[in-house]
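Engineer: I need the structure of the sequence given here:
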Amino acid sequence: MKIWHQSFTDLTVMPVYRKTLMEHARTVMADEATVQVHGLRPGTYTQGCAPIDAIRYRYVAAMHEVQLCDAALVAARDGYDAMAIGCFFDPGLRAARSLVDIPVVALGESCALTACSMARKFGLVTLCADQSADYSDLMHAYGLERRFAGAIALDPPIDEFALEADEATASAIEARFDAASARLIAQGAEIIIPADGVLNEFLVRRGRLQALGNVPVMDSIGVLFQHAAYMVRLARTTGAGASRVQMYAKPPQAMLDHVRHFAHQ
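Structural biologist: Purely as a prediction, here's the structure:
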């Protein structure tokens, strides 16, 4: 089984994150699947701009989502069995899922649905208040508000680049993660989800994906990989795939070819 992992970051400027993703995929999937890690095109973000600071602007995020849709088409063409979008606000998920017949999963949806099988309510730890607001909106859009305990940002907030920093910075971030998790537990969360791929891989490197008392801390990227593999197995054994009614309606090939040609002129 081959899984195309698609980050919403430019991995050429985040080498520690990229390395951890690759190692983590080998650990989680073992012989079950090969995960190929991909990022957005080098130079997608202006120099020195963290993704979290750019994608708060919806036009910028929407333009980058086109790259994810292009990647889904390439993954399907090149024989990948599934695509896994490693960004928690699930950019391009609806569009990408409508374009290809291979399963397409994304971090936010995969983690939230899995958490509902593990606990009554789940809570999200985010990097900043903008993420918390966006992810709260997303959980409501998915109809999961009754299972959602809330989203709490690290205090003070950080960007993705901080998660590749030195030991002193790392220790401080761990303490902030613990504090945010404690607040979520006080709000009724029975499982904690690191709601950012880069944050999750930081915790993997630090050996911090451990239960807080009786409250599990989810390996969100690990869940993403396993959810992709599960959807592949489901398709193979039952024939199940995405509905083509309304939300994931697949455009006719002639229409798709015309739109893509026009967009990429």
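
Engineer: only C-alpha atoms for contact and neighbour calcs from this point on.
Structural biologist: OK.

Engineer: What mean pLDDT does stretch 79-90 get?
Structural biologist: What stretch 79-90 shows for mean pLDDT is 98.

Engineer: List the buried residues for that stretch?
Structural biologist: Buried residues in stretch 79-90, counted by 16 or more other C-alpha atoms under 10 Å: Tyr80, Asp81, Ala82, Met83, Ala84, Ile85, Gly86, Cys87, Phe88, Phe89, Asp90.

Engineer: now do stretch 35-43
Structural biologist: Val35, Val37, His38, Gly39, Leu40.

Engineer: ditto for stretch 108-115
Structural biologist: By 16+ other C-alpha under 10 Å, the buried positions in stretch 108-115 come out as Gly108, Glu109, Ser110, Cys111, Ala112, Thr114, Ala115.

Engineer: For the helix or strand containing Ala180, which outside residues touch it?
Structural biologist: Counting by DSSP states H and E, the element that carries Ala180 is helix 167-186. Contacts to helix 167-186, defined as C-alpha atoms under 8 Å, 6 or more residues apart in numbering, come from residues 123-125, 149-156, 162-163, 192, 215.

Engineer: Repeat the analysis, applying 7 Å as the threshold.
Structural biologist: Gly123, Val125, Ala149, Gly150, Ile152, Ala153, Leu154, Asp155, Leu163, Ile192 (C-alpha atoms under 7 Å, 6 or more residues apart in numbering).

Engineer: Then stretch 6-15?
Structural biologist: 18, 37-42, 44, 51, 84-87.

Engineer: gap between stretch 163-173 and the chain center?
Structural biologist: How far stretch 163-173 lies from its chain's middle: 22 Å, per C-alpha atoms, centre = their mean, to the nearest Å.

Engineer: average model confidence for that stretch?
Structural biologist: 89.

Engineer: now swap in stretch 22-39 and tell me
Structural biologist: Here the average pLDDT along stretch 22-39 is 98.

Engineer: gap between it and the chain center?
Structural biologist: Offset of stretch 22-39 from its chain centre (C-alpha atoms, centre = their mean): 15 Å.

Engineer: same deal with stretch 224-236?
Structural biologist: That offset, for stretch 224-236, works out to 15 Å (C-alpha atoms, centre = their mean).

Engineer: Next: stretch 76-83.
Structural biologist: Distance, centroid of stretch 76-83 to centroid of chain: 18 Å (C-alpha atoms, centre = their mean).

Engineer: was I right about Arg97 contacting Val104?
Structural biologist: Yes - counting by C-alpha atoms under 7 Å, Val104 is a contact partner of Arg97 at 5.4 Å.

Engineer: More neighbours: which of these two?
Structural biologist: Val104 (27 against 23; other C-alpha atoms under 10 Å).

Engineer: OK, contacts around that one?
Structural biologist: Ala82, Met83, Ala84, Arg97.

Engineer: need the helices for the stretch 101-250 of the chain, in chain order.
Structural biologist: In the stretch 101-250 of the chain, helices defined by DSSP state H, counting those that start in this stretch lie at 107-115, 129-141, 167-186, 197-205, 220-238, listed in chain order.
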